[in-house]
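Colleague: mind looking at a prediction? Sequence and model below.
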Amino acid sequence: MAWFTCFGRKAESPTTRTIDIEEEISSIQNIRLYSYKELQIASNDFSVVNKIGRGGFGSVYKGKLKDGTLVALKVLSVESSQGVREFLTEINTISAIQHENLVSLCGCCVEGGHRIVVYGYLENNSLAQTLLGGVRSNIKFSWKIRTKICIGVALGLAFLHEEIQPHVVHRDIKASNVLLDKDLTAKISDFGLAKLFPPHLTHISTRVAGTLGYLAPEYALRGQLTRKADIYSFGVLLLEIVCGRCNKNDRLPAEEKYLLEKAWVLYSNNKLKELMDVSLEGDQDFDLDEACKFVKISFLCTQQMPKLRPSMSTVVKMLRGEIGVDEMKISQPGLVSEYFESKNTSDASSSGLGKQDNSTGDTTMTHGTMTFSSIYNRSP
C-alpha cells in the first residue's frame, strides 16, 4: 500500500528528494495533480489578502478554482528543508481515507520546487480561533453545538483508530487542528505527523512531536506512541470545548494556569459547576449534568495509565449517553505541564523543544522537526 512509502526514508539531497516526491505522488491513486499556474490564479498570486494561516512549514491561502470551488492551499515554504516528510505523510494518509469528520483532500501540486496541499475550504475556521481564540467570532457556541462538535471529533478519531487498516494515530489532536464547515461540523485536519499503526504492535517508539498541553505523559516522556496518546489529547480538547478556554493560560495564577489541573481540583472538591463556560448561562439547551458528564469523560481519557483510557468508540457511546460514566472509577489524570515548562526553559534553544507559533499561541514539542500548527490560524 502506498501509505508505507513515506516512512523511514533517509535524508537525501534536495535534487534527489524532488524526484522522490514526484515518484511518491505519482504512485498514489485517485489524487488530482494541480499545476502551479492554476493555483496561482485561484489565490490571486497567493496574495496577502487571501492568506488565512501560517505555520512551521509555510502558509495557507484561500483560493477559488476555475469551476468556482473554494479551496484552502497549504503551501510548503520553498526555503524549508523540513516538512518534506510531513508533506508526503499528509498526502499519503488523507488521500486514502474519507470520513465526514476528516478534512477532504482535493489534490496537490508538486510541480518543480512547489509543494502545495489542496483542501476543501471550510468557512468557519478552527476551534482555536472561533471558540478559544482572542478574535471576535459571530458563532454562538451553544451547548447543542458543542455537543455536536465533541461527538464529531470523537467519531473521526474512532474511524482512524478502529475502522481502517492499518490504524492511524494522528499525533496532534488540538483545537487549532479541528476545523468547522458552514454547518459547524467538526473536521480533523493536519495529518503531517500521523503514524500508521499495524495491529500486531503494542506501541511505536518514535520521536516526540505534538503540542504542549495535549501530549500524553508516556509519549511525551518516553516516546511510546499508541492510540491512547490521541485519546489523551482528545480528553484535553473535550475539556476545552466544555469550558470554553485554552488548556493553558499564562495570565492566570499558577494554581489556575493549567485547565486540566484546575478541573481535577474542582472535581475532587465537588465543584465542577465552577468550571463551566459563563457564556452558556441562559442557553436553554444547556444541561449542567451532561456538561459534568463530559468533564468526567475527559478525565477518563486523560488518566495517567494508558490502559485505563477508553477506546474512542467507547468514548463516542459515552458522549451519546449509550454508556453511563457515573459508576466508573476515575483516577487522577496524567499531568506533565510542570515538566515541560522546565524543559522549555532549559532546552528550547539547544534542542528545538517547545517552539512557539505566534499565530496560534501553540507551543509544539518536537525532536528535529516543527509541526504545521493549523490550516486556519486567523479569520479570512
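Modeller: Noted; the coordinates are in hand. As the structure is a prediction and not an experimental result, all values here were calculated from the model.
Colleague: count the residues that sit near the residue nearest to Gly192 when sequence neighbours are not counted.
Modeller: Distance criterion C-beta to C-beta, 6 or more residues apart in numbering; nearest residue to Gly192, sequence neighbours excluded, is Glu86 at 3.5 Å. From N, CA and C alone the C-beta is placed, and that goes for glycine too. Glu86 sits with 24 neighbouring residues when counted by other C-beta atoms under 10 Å.
Colleague: what residues of the host helix or strand of Glu86 count as buried?
Modeller: For Glu86, the host element (DSSP states H and E) is helix 84-95. Residues of helix 84-95 classed as buried by neighbour count (16 or more other C-beta atoms under 10 Å): Val84, Arg85, Glu86, Phe87, Leu88, Thr89, Glu90, Ile91, Asn92, Thr93, Ile94, Ser95.
Colleague: can you tell me which of the residues you listed is nearest Gly113?
Modeller: Nearest to Gly113 out of the buried residues of helix 84-95 is Val84 (C-beta to C-beta; 11.0 Å).
Colleague: quick one: that closest one from Glu24, how far?
Modeller: 10 Å (C-beta to C-beta, to the nearest Å).
Colleague: now do the SS call for Ile173.
Modeller: Here Ile173 takes the coil state, with states given by DSSP: H, G, I helix; E, B strand; the rest coil.
Colleague: and it, how far from Leu76?
Modeller: For Ile173, the distance to Leu76 - C-beta to C-beta - is 22 Å.
Colleague: how much space between Ile231 and Lys148?
Modeller: Separation of Ile231 from Lys148 (C-beta to C-beta): 20 Å.
Colleague: what about those two, which has more around it?
Modeller: A direct count of neighbours by other C-beta under 10 Å for Ile231 and Lys148 places Ile231 higher, at 26 against 15.
Colleague: quick one, grab the pLDDT at the more buried one.
Modeller: Ile231 is assigned 98 on the pLDDT scale.
Colleague: you'd agree it is in a helix?
Modeller: Yes: counting by three-state DSSP, Ile231 is part of a helix.
Colleague: ok, now how distant is it from Gly223?
Modeller: Taken as C-beta to C-beta, the span from Ile231 to Gly223 is 17 Å.
Colleague: next: Ser311.
Modeller: 22 Å.
Colleague: and the gap between Leu180 and Cys243?
Modeller: 18 Å.
Colleague: actually, Ser268.
Modeller: 16 Å.
Colleague: between those two, point out the one with more neighbours.
Modeller: Cys243 (22 against 10).
Colleague: okay, and the helix or strand of this protein with the least pLDDT?
Modeller: When each helix and strand of the chain is scored by mean pLDDT, DSSP states H and E, strand 355-356 comes last, with a mean of 40.
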